[in-house]
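A.B. asks: coordinates only, sequence not included:
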């Protein structure tokens, strides 16, 4: 039986070897232009400075939480937690290290052709993708072998991944927007210098932010979903008896391995197809991976269970994931009516721009919720039928695993975007000819679409993963029902529903505070060093990087601590059922807020770009100014508060799962008073 | 026993007689100024034009729904439905009829003194308040006598009230904001004429809107909560056996009667105290009513049940209601830090203004949710103890009744605001001296605070009422549990959570569309009739009133139909448990969105006013411009989409309750396919 686990370790190693080879193909390209080398050096240095500082915070955090887990739960769970945290850190570290190297080499490749540039940028993204899935399955495989598949321990791995995701995604989201807003507000608006101008002291921080937020943040987010979905499927699989053996436990691992192989082949296809149309190449790669995945899962479902039920649940997940991605595009791309509607409302000023963007965001929650609902029903009934509840929940977990099985290529396609974006920035700063910038712009615009789709996918997968973990929690604390007529569940539910609102408010305020500090610093440098504007003195990039780094890490502490304290506290005070209500409520509003904020933000962004293409007076018109207001409101929506929701709901759920035994034993302090 | 019901009829009649006397005291004041008479004539005409048109729509709606209820449920339920609808219409009609008469008489009284003006304006509001509670308890009392307290029939009364609230609150909300935005955008911004200038063709529609949205809309909203909470308490009271008799059924009716008497005495106190400080007079009246209410309820709790448990639940409701009101003030008044924070953010432009307002709105959800949660727990355990679930739910329903018991004076205090506001408008239009406007402005500013508090109160009471109705629904369809581990409940919950987002989007878009039509019309009149600006030609006020009326009633149809179709549809397709999930989800996000939108809107409004008081450059500064953007975004938030949430969650719940038997019998069409 352990053949399955062994296979998972081997597949994980295979993905890492593939990542290593891709990395080699990137770094072997030597940078010839001295100026580009210098700029890329700053970015690399800034990114590493952020990571180093983050690691200091993380070290303290990991040690404290590990001790708490060791004391209150099990030492083995603490070990899994530490491994999960370290593996997530490693994935982020490798991915970012290569991404910052790929940036400048993409710029250089763009001097030759769009094909070359696509190859480099996509290889860079693929390293991140392969590290995420490779380390994810490797860690789970090794720990499963060591701890003989005991889920009470292995859930620690998921908590480790979630904790790092919190720092990477929320901290990264604050970092990138603080730098972005700071750079724009003083550089573009006050000093009147163009975007990515090397005289802007915040320009390096801005570029670092793209890597920190969009590459490492998204990677950690999907790493968390990836391992979380597998863990929930293993947890539920270990309590159902589909066959005489442990097939239900191994199947999710097998599905993930098939997904990794499919992703590797998909990535290779992109390199083969390439051509002048980067969107087409990326699509073909993604579709090939999907098809291979479907074939492989069908075969294993038949072999392991003798039927295609489990296969059906996996397919449902894949279809729901792809559909949510596609729908996200409809609400956020200027090719469709919603963005055009917002653009048309810019003519009557910023107020109508904001109102219409918010309505689009709110409306856009309808299709994903319906899709997830259909997915839940179908997955539940295919696997569980009418009678077997746990089996049905296992079906839901399998569909989450299915949705995330091709995470390898999904992250690759997504992380390619910020690399192309940064490549354009470097071209600008190094003063390369117009045609280079044109190529990077083309790659970047494809990247914007893929980023929007990936955001939708990240939300959908977070929702399904959180629901699967929620079911695992209920199973673990032996809740037969989670009853909303119980007043404890009801108040848990109300409070849980409120948490995402509070968390979103804190995240947005954090951006505001961090951005203000950045604005002050950039103004100070311009004031005290007039030489900067005359290009005689280099601005102090490092100071701006420091400010963004510090502010990001500090501002994320309060929301982060709340996300951990609230579920544990509610469980201890009001018991396991109240906690179940908390999670359900948080997942409900969390998903809605995530969709609303991501899509409103994306739609405002593209409405502004649509106007810049020459509609309603184009750049500089009053419509454009209103569009910029929408875009600025949308920035913390789509890059900080929105994505933070994914982390929040998964973290709250996995915290509950890990601390389930403690809460089941000691929970309900207040309610016991009434007894 | 029927003594209780007889008392309720008598108390209801008493409230109506008091309303009639108040009305008489207002209309006996003769208007001397011809110009004022003319203007007030336009407003009255416009308001009645809206009502007449609304009644046409309503007649069709009531007949269709009554037939549906008669065919599918019971003819008796249909009769109760029609009576509920008619009584709500009557309350709105009387209230508005008097409000438009009180407007102009307040202006006239302000020529004498602030005391006089307060008396008239508050008397006007009190008529609305007394009509709401008087007709509410009268209708319930009579129908309870006729149908011998059979709740399957009497729930129809609640549905009737809810349906009218939908038209009055959502339609009224669209009306008032369309007129407001239209008047401001063309009049103030484009033509450069001051607010309330009689040359503006939309000015009368704007003034009518204040009555339609703020007086009739709020009245219908609270009428719905008022009767809904009593019905849910009666429903749950009829299945618990607290005593050998039917005391549990009669107690909520007694509480309401005590509340009416207390409100009448409170209203009289305001007239006695008056003085130069209107806020103080209103507060004293409200407190007196509260204290009388508490004493009376305590006595009856002891008499009817022999203990103070039921009294405790009622008190909890009153405390929670008052606290939510007070907290609303903290988040929306310029005396506290949140509004100042937003004002400070206006300095960096509209984008930061919007972001900070949204954060304040989101953060402001925390205290009300915690208060409601504490209220639920305490009310449940005081009455129900640990063992008796239905009894605990009855406790929650009692606390809703308690919160709403002093609705009479709450509506009076709230409806006084728009009357004072309109009085100011009339002073402006009639060209009265500055000191008159100063007095009405002072009354108006007190009115803004009371309006914000009333909004918070309306949300809190809607939440508690909806939860109580939710419990009644579960009891009626005999659901022992509402289990979130059941996939049907889960998808119901997800879809229900999404409905308020969709509804809010539709409501905000409706305002946009209606406002656009108004803008076109005002522009057309200015263009085709240059004499208007030169004051030689009267603008066509009627046409603008017509446009607002038509647009409001048309635009509310889709969201209105959805609010009715979704619960019935979900119940028929997926069964009673899925429908329970839908309601729970909708109540959860509905309350959050209501609080967020109302408070963000209120905070933006007051941040703008705070700047106008001279901070950050005062009127005309760039900070003020950013503040205006916030205020404009906040308008549909606080006056349309936000209040619409209250109606939505109550309507969805009462629809489920009324159609409970049909859904229990025929529900689950899709799920039955799997069986």
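C.D. replies: That came through, no problem. From a predicted model like this one, the values you see are computed outputs, not experimental measurements.
A.B. asks: need the contact list for the closest residue to chain B within the stretch 51-200 of chain A.
C.D. replies: For the stretch 51-200 of chain A, the residue closest to chain B is residue A:185, as judged by Cβ to the nearest Cβ, at 7.4 Å. All C-beta spots, glycine's among them, are computed from the backbone N, C-alpha and C. For residue A:185, the contacting residues are A:515, A:519, B:348, by Cβ atoms under 8 Å, 6 or more residues apart in numbering or on different chains.
A.B. asks: In helices, which of those residues fall?
C.D. replies: The helices, defined by DSSP state H, take in A:515, A:519 from the contacts of residue A:185.
A.B. asks: Most neighbours out of the contacts of residue A:185, which is it?
C.D. replies: In terms of neighbours by other Cβ atoms under 10 Å in any protein chain shown, the contacts of residue A:185 top out with residue A:515 at 28 neighbours.
A.B. asks: Just the pLDDT for residue A:675.
C.D. replies: pLDDT, residue A:675: 64.
A.B. asks: do residue A:480 as well
C.D. replies: Taking residue A:480 on its own, its pLDDT is 79.
A.B. asks: just checking, it is part of a strand?
C.D. replies: No. Per DSSP: H, G, I helix; E, B strand; the rest coil, residue A:480 lies outside any strand segment and is coil.
A.B. asks: That one: neighbour count?
C.D. replies: 10.
A.B. asks: do the same with residue A:620
C.D. replies: Around residue A:620 there are 9 other residues, counting by other Cβ under 10 Å.
A.B. asks: Got the phi and psi for it?
C.D. replies: phi 90, psi -10 (degrees, to the nearest 10).
A.B. asks: How about the helix or strand hosting residue A:508 and chain B, any contact?
C.D. replies: Assigned by DSSP states H and E, residue A:508 belongs to helix A:487-528. Yes. Using Cβ under 8 Å from any Cβ of the partner chain, helix A:487-528 comes into contact with chain B via A:487-488, A:490-491, A:493-495, A:497-498, A:501-502, A:504-506, A:508-509, A:511-512.
A.B. asks: One more: stretch A:556-571?
C.D. replies: No. Stretch A:556-571 stays out of contact with chain B when judged by Cβ under 8 Å from any Cβ, the minimum separation being 10.3 Å.
A.B. asks: Would you indicate which residues of the helix or strand hosting residue A:47 are buried?
C.D. replies: Assigned by DSSP H and E, residue A:47 belongs to helix A:34-72. Residues of helix A:34-72 classed as buried: A:36, A:39-40, A:42-51, A:53-54, A:57-58, A:61-62, A:65-66, A:68-70, A:72 (neighbour count, 16 or more other Cβ atoms under 10 Å in any protein chain shown).
A.B. asks: and the residues you listed near chain B, which?
C.D. replies: Counting by Cβ under 8 Å from any Cβ, nothing from the buried residues of helix A:34-72 sits close to chain B.
A.B. asks: residues contacting the closest residue to residue A:9 other than its chain neighbours?
C.D. replies: Spatial nearest neighbour of residue A:9, chain neighbours left out: residue A:141 (4.1 Å); criterion: Cβ to Cβ, 6 or more residues apart in numbering or on different chains. Each residue near residue A:141 by Cβ under 8 Å, 6+ apart is listed here: A:5-6, A:8-9, A:12, A:253.
A.B. asks: cool, residue A:13 as well?
C.D. replies: A:134, A:138 are the contacts of residue A:13 under Cβ under 8 Å, 6+ apart.
A.B. asks: Chain B versus that one, what's the distance?
C.D. replies: When distance is defined by Cβ to the nearest Cβ, to the nearest Å, residue A:13 is 38 Å away from chain B.
A.B. asks: Show me where the stretch 51-200 of chain A has its strands.
C.D. replies: Applying DSSP state E, counting those that start in this stretch to the stretch 51-200 of chain A gives no strands.
A.B. asks: Close to chain B: what parts of it are there?
C.D. replies: Near chain B, when you scan the stretch 51-200 of chain A using Cβ under 8 Å from any Cβ, you find residue A:185.
A.B. asks: again with the stretch 251-400 of chain A
C.D. replies: Residues of the stretch 251-400 of chain A lying near chain B (Cβ under 8 Å from any Cβ): A:345, A:348-352, A:354-356, A:358-360, A:362-363, A:365-366, A:369-370, A:372-373, A:376-377, A:380-381, A:385-386, A:389, A:392-393, A:396.
A.B. asks: Run a quick neighbour tally on residue A:111.
C.D. replies: Residue A:111 has 16 nearby residues by other Cβ under 10 Å.
A.B. asks: Indicate the residue of the stretch 201-350 of chain A located nearest to chain B.
C.D. replies: Of all residues in the stretch 201-350 of chain A, the one sitting closest to chain B is residue A:350 (4.6 Å; Cβ to the nearest Cβ).
A.B. asks: May I have the residues that are in contact with that residue?
C.D. replies: Residue A:350 makes contact with A:625-626, A:629-630, B:350-351, B:629 under the criterion Cβ under 8 Å, 6+ apart.
A.B. asks: And residue A:632, by the same measure?
C.D. replies: A:181, B:351-352 are the contacts of residue A:632 under Cβ under 8 Å, 6+ apart.
A.B. asks: Export those residues as TSV, with columns for neighbour count, distance to residue A:170 and pLDDT.
C.D. replies: Formatted as TSV, the contacts of residue A:632 follow (neighbours: other Cβ atoms under 10 Å in any protein chain shown; distance: Cβ to Cβ, whole Å; pLDDT from 0 to 100):
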residue	neighbour count	distance to residue A:170	pLDDT
A:181	25	17	81
B:351	24	21	91
B:352	24	20	90
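A.B. asks: Which helix or strand contains residue A:369?
C.D. replies: Using DSSP H and E, residue A:369 falls in helix A:366-384.
A.B. asks: Any figure for the gap between the residue lying closest to residue A:562 once chain neighbours are set aside and residue A:564?
C.D. replies: Distances taken as Cβ to Cβ, 6+ apart put residue A:503 closest to residue A:562, at 7.0 Å, once the chain neighbours are dropped. Residue A:503 sits 12 Å away from residue A:564, taking Cβ to Cβ, to the nearest Å as the criterion.
A.B. asks: With residue A:603 instead?
C.D. replies: Applying Cβ to Cβ to residue A:603 and residue A:564 gives a distance of 33 Å.
A.B. asks: What of residue A:104?
C.D. replies: 38 Å.
A.B. asks: So these two - more neighbours on which side?
C.D. replies: Legend: neighbour count by other Cβ under 10 Å for residue A:104 and residue A:564, higher for residue A:104 (27 against 20).
A.B. asks: Can I get the buried part of the residues of the stretch 251-400 of chain A next to chain B as one ChimeraX selection?
C.D. replies: Per 16+ other Cβ under 10 Å, the buried members of those correspond to this ChimeraX selection:
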select /A:345,348,349,350,351,352,354,355,356,358,359,360,362,363,365,366,369,370,372,373,376,377,380,381,389,392,393,396
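A.B. asks: Need the pLDDT of the nearest residue to residue A:61 once chain neighbours are set aside.
C.D. replies: Once flanking residues are discounted, residue A:61 sits nearest to residue A:163: 6.8 Å by Cβ to Cβ, 6+ apart. pLDDT for residue A:163: 92.
A.B. asks: Contact partners for residue A:348?
C.D. replies: Neighbour list for residue A:348: A:626, B:185 [criterion: Cβ under 8 Å, 6+ apart].
A.B. asks: which one among the contacts of residue A:141 gets closest to chain B?
C.D. replies: Chain B lies nearest to residue A:253 out of those, by Cβ to the nearest Cβ, at 24.6 Å.
A.B. asks: Mind giving me the packing neighbours of the helix or strand hosting residue A:321?
C.D. replies: Applying DSSP H and E as the criterion places residue A:321 in helix A:309-332. Applying 3 or more Cβ pairs under 8 Å, 6 or more residues apart in numbering or on different chains; DSSP states H and E, we find helix A:309-332 packed against helix A:278-305, helix A:337-345, helix A:350-363, helix A:366-384, helix A:389-405, helix A:434-476, helix A:576-612.
A.B. asks: try 7 Å this time
C.D. replies: Under the contact criterion of 3 or more Cβ pairs under 7 Å, 6 or more residues apart in numbering or on different chains; DSSP states H and E, helix A:309-332 touches helix A:278-305, helix A:366-384, helix A:389-405, helix A:434-476, helix A:576-612.
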